[in-house]
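Visitor: Just the structure for this:
(one chain, ligands or ions: 1)
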Amino acid sequence: MSRTLIRGGLVITAAEEVHADVLVEDERVVALAATGSTVAEGWTADTVIDAAGKYVIPGGVDAHTHMELPFGGTFASDTFETGTRAAAWGGTTTIVDFAVQSVGESLRAGLDSWHAKADAQCAIDYGFHMILSDVNEDTLKEMDILVEEGVTSFKLFMAYPGVFYSDDGRILRAMQRGADNGGLIMMHAENGIAIDVLVEQALAAGRTDPRYHGEVRRELLEAEATHRAVRLAQVAGSPLYVVHVSARQAVEQITLARDEGLNVFGETCPQYLFLSTDNLAEPDFEGAKYVCSTPLRPREHQAALWRGLRTNDLQVVSTDHCPFCFVGQKELGRGDFSKIPNGLPGVENRMDLLHQAVVDGHISRRRWIEIACATPARMFGLYPRKGTIAPGADADIVVYDPDAEQVVSAATHHMNVDYSAYEGKHLRGKARTVISRGTVVVDQDRYLGRAGHGRYQTRETCQYLV
Ligand SMILES: [Zn+2]
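Guide: I've put the predicted structure just below:
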């Protein structure tokens, strides 16, 4: 048995902040005791980590990543190996990635191929959601089996006709099944049929630059789809989790649904909180770096997202990490914004950007941990193994220096992508020591982890249903 003692830090969870020493045996937290108390002073350990002046926080849980995702004739540039290593650098110790069912294929085949990509590659723990591209009698039955096996959430798309898109009838069937088997339906809520018309019209009129990606994917078409998803879920009696909410009007739809007492949840992402259509409009095709869907919105929308996070109308911040290099990948869309692969890198930056939000006064420290660790763990059936620091929890712990200064840059980040969406941004705070299931994987700017340490996590169903 190995014992690790984290001494003298401020332990922050979603529930409280306490000056405590944390005792870890092998892979688990076994006890906390007040710093300086007789109990804590009596503890001995093989490894003692001095956390004086630092925060001791649960490892981040990023519930929305796309390692190696095939998209638009190319693949997201982070593998499970490089992407989870970058996540660890940034203080994230669990990801939930999206296995993809292709049209005509079984859920099982899709899940198996994502296991094959991730197996023995990950630096940190990981689980899978399942993308349902083809809702039919067979795949509906497979949903039941997957829920039993610990794949308890299913993503559907109202966008991307001809690829991931499901019509309202298919969405309703999947939601009905989720209402029966406990699976949580996650929704990409944008009216893709209408958007495709606007894309075609924009291109025909010669509006081909990246900024038009943002203009055709109208706020109202996100809000309309969000509204429709809410009502379909209400009819089916199923819970609903809306991914990557970016428009103020979509937040309003989620707020309304929650005020009605529905099991509707909303996620947003750092790019919507920190970036805007100003980035999409950057000259010389640089705007392509910021093409993702839902798109970045005008800066005014950020206030509604921060407010939603404070009032719990939005519950989770995930990254939707889906990196494509500027050279050779984003460039596929020169002269036609609709051919720019959709997605941004961010898995390494989320914990730090949200800490900056604490510094800036948008959210409290405990809310930082709640939206980045505890709630995603609860939402996707990983709590209290993940998302908190408590006896019995996995020892996924970050010793975080709230006073460290850093400048974000592609030159120093660890994601396998040739640009940063936050290049040059000054941030206060940085993960100093990152522990994954009792093993130190990052310490003082050295990577100590290994591919294959990360373990696949089966998940319970959503722990938030009212
Ligand atoms: Zn996504």
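Visitor: List the residues that contact the residue nearest the centre of the chain.
Guide: With distances taken as CA atoms, centre = their mean, residue 318 lies nearest the centre of the chain, 2.6 Å away. Residues near residue 318 by CB atoms under 8 Å, 6 or more residues apart in numbering: 62-65, 243-244, 267, 269, 350, 376. Backbone N, C-alpha and C define where each C-beta goes, glycine included.
Visitor: Work out the gap between stretch 202-215 and the centre of the chain.
Guide: Centroid separation for stretch 202-215 versus its chain: 28 Å, with CA atoms, centre = their mean, to the nearest Å.
Visitor: buried stuff in that stretch?
Guide: Across stretch 202-215, burial judged by 16 or more other CB atoms under 10 Å covers 202-203, 208-215.
Visitor: Narrow those to those in strands?
Guide: Among the buried residues of stretch 202-215, no member falls in strands (criterion: DSSP state E).
Visitor: May I see those arranged in JSON lines, with pLDDT and distance to residue 277 as well?
Guide: Rendered in JSON lines, the data for the buried residues of stretch 202-215 read as follows (pLDDT from 0 to 100; distance: CB to CB, whole Å):
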{"residue": "202", "pLDDT": "98", "distance to residue 277": "15"}
{"residue": "203", "pLDDT": "98", "distance to residue 277": "19"}
{"residue": "208", "pLDDT": "98", "distance to residue 277": "17"}
{"residue": "209", "pLDDT": "98", "distance to residue 277": "12"}
{"residue": "210", "pLDDT": "98", "distance to residue 277": "10"}
{"residue": "211", "pLDDT": "98", "distance to residue 277": "7"}
{"residue": "212", "pLDDT": "98", "distance to residue 277": "11"}
{"residue": "213", "pLDDT": "98", "distance to residue 277": "10"}
{"residue": "214", "pLDDT": "97", "distance to residue 277": "5"}
{"residue": "215", "pLDDT": "97", "distance to residue 277": "8"}
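Visitor: Looking at the residues you listed, which is nearest residue 52?
Guide: Within the buried residues of stretch 202-215, proximity to residue 52 (CB to CB) peaks at residue 214, which comes in at 46.0 Å.
Visitor: next structured bit after the helix or strand of the chain with the lowest mean pLDDT?
Guide: The weakest-scoring helix or strand in the chain, judged by mean pLDDT, DSSP states H and E, is strand 70-71 (a mean of 90). Once the chain leaves strand 70-71, the next helix or strand it forms, by DSSP states H and E, is strand 74-75.
Visitor: Okay, now the sheet partners of that next one, with direction.
Guide: Take DSSP bridges as the rule and strand 74-75 pairs in its sheet with strand 70-71 (antiparallel).
Visitor: Surely residue 388 and residue 14 touch.
Guide: Yes: Residue 388 lies in contact with residue 14 (CB atoms under 8 Å); the separation is 6.9 Å.
Visitor: Show me the helices in the stretch 201-350 of the chain, by range?
Guide: Under the criterion DSSP state H, counting those that start in this stretch, the stretch 201-350 of the chain contains helices at 211-216, 219-236, 248-259, 270-274, 277-280, 301-311, 350-359.
Visitor: Among the ones you listed, which comes closest to residue 4?
Guide: helix 350-359 (20.8 Å).
Visitor: Using CSV, list the CA coordinates for the closest one.
Guide: Taking Å, rounded to 0.1, in the frame of the first residue of the first chain, the C-alpha atoms of helix 350-359 are listed here in CSV:
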residue,chain,number,x,y,z
ARG,A,350,-10.8,24.9,-19.2
MET,A,351,-9.9,24.8,-15.5
ASP,A,352,-7.6,27.8,-15.8
LEU,A,353,-10.1,29.9,-17.8
LEU,A,354,-12.7,29.2,-15.2
HIS,A,355,-10.3,30.1,-12.4
GLN,A,356,-9.8,33.4,-14.2
ALA,A,357,-13.5,33.8,-14.1
VAL,A,358,-13.3,33.5,-10.3
VAL,A,359,-10.5,36.1,-10.3
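Visitor: That'll do, ta.
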